[in-house]
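A.B. asks: build me a model from this:
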Amino acid sequence: MKTKLLFLFLTVFAVSTVFAQRMTSFTWESYKMKFDIPTTFEVKDNTGEKFMASNADINLTIYPRKGENLDADGMISALDGWAKDSQLGNLTEMEVISSQLNGYWGVFQEGTKNGWPVFLMLIVDPDYPNISFYVWVSYATGTEDTALKILKSFTPI
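C.D. replies: Residues are numbered from 1 along each chain as shown. Sure, this is the predicted structure:
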């Protein structure tokens, strides 16, 4: 019996270790922002117009937009519009998450696209409200903890 329990424990530990991705801090100099991404990410686009990086399990895309000057209601409306324009299914109720964003104001919503779970987030640095950041994270089932770590890591510098 002890052997079976030990084997079960070691198997669960090994599987959880495989799914836990190591993270590294990335600084997006164009916008004085930093966030964490898995060390296995390949940066595919890093311009003033878009940041995109991914691995086999998670895709992160950030679209900055200038001149929106969104207040809380405007952020909710803008994220809702983006979710609908992107034809996301299974949308959850929108959440205001400013207290969890290291200095950013934000709203958050979950949905699905082409069978992949998706987190959408819209954040604004209150010191620079003229720039909004639309964040899209699609992820494989089982990697939602890593996807959430990415979202919670955004920090203005």
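A.B. asks: surely residue 155 is in contact with residue 35?
C.D. replies: Yes - contact criterion Cβ atoms under 8 Å: residue 155 and residue 35 qualify, at 7.0 Å. Glycine gets a C-beta too; all of them are placed from N, C-alpha and C.
A.B. asks: which of these two has more neighbours?
C.D. replies: When neighbours are counted by other Cβ atoms under 10 Å, residue 155 and residue 35 differ, and residue 35 comes out ahead with 22 against 17.
A.B. asks: the more buried one: what's it in contact with?
C.D. replies: 25, 26, 28, 150, 153, 154, 155 (Cβ atoms under 8 Å, 6 or more residues apart in numbering).
A.B. asks: change it to 7 Å
C.D. replies: 26, 150, 153, 154, 155 (Cβ atoms under 7 Å, 6 or more residues apart in numbering).
A.B. asks: can you check residue 21 too?
C.D. replies: If a contact means Cβ under 7 Å, 6+ apart, then residue 21 has 38, 40, 146 as its contacts.
A.B. asks: which of those residues lies closest to residue 72?
C.D. replies: Proximity of those to residue 72 (Cβ to Cβ) peaks at residue 146, which lies at 28.3 Å.
A.B. asks: secondary structure class for that closest one?
C.D. replies: helix (DSSP: H, G, I helix; E, B strand; the rest coil).
A.B. asks: go on, residue 80?
C.D. replies: helix.
A.B. asks: start the count at 57, not 1, going forward
C.D. replies: Got it, first residue is 57 now, which makes that one residue 136.
A.B. asks: output stretch 91-103 as CSV, restricted to C-alpha atoms.
C.D. replies: What follows is stretch 91-103, C-alpha atoms only, in CSV (Å, rounded to 0.1, in the frame of the first residue of the first chain):
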residue,chain,number,x,y,z
PHE,A,91,5.7,41.4,-17.4
ASP,A,92,6.6,37.8,-16.9
ILE,A,93,6.6,35.2,-19.7
PRO,A,94,7.7,31.5,-19.8
THR,A,95,11.3,31.0,-20.6
THR,A,96,10.2,28.8,-23.6
PHE,A,97,8.4,31.7,-25.3
GLU,A,98,9.6,32.8,-28.7
VAL,A,99,9.1,36.6,-29.3
LYS,A,100,7.6,36.9,-32.8
ASP,A,101,6.7,40.6,-32.9
ASN,A,102,8.1,43.4,-30.7
THR,A,103,7.3,46.8,-32.2
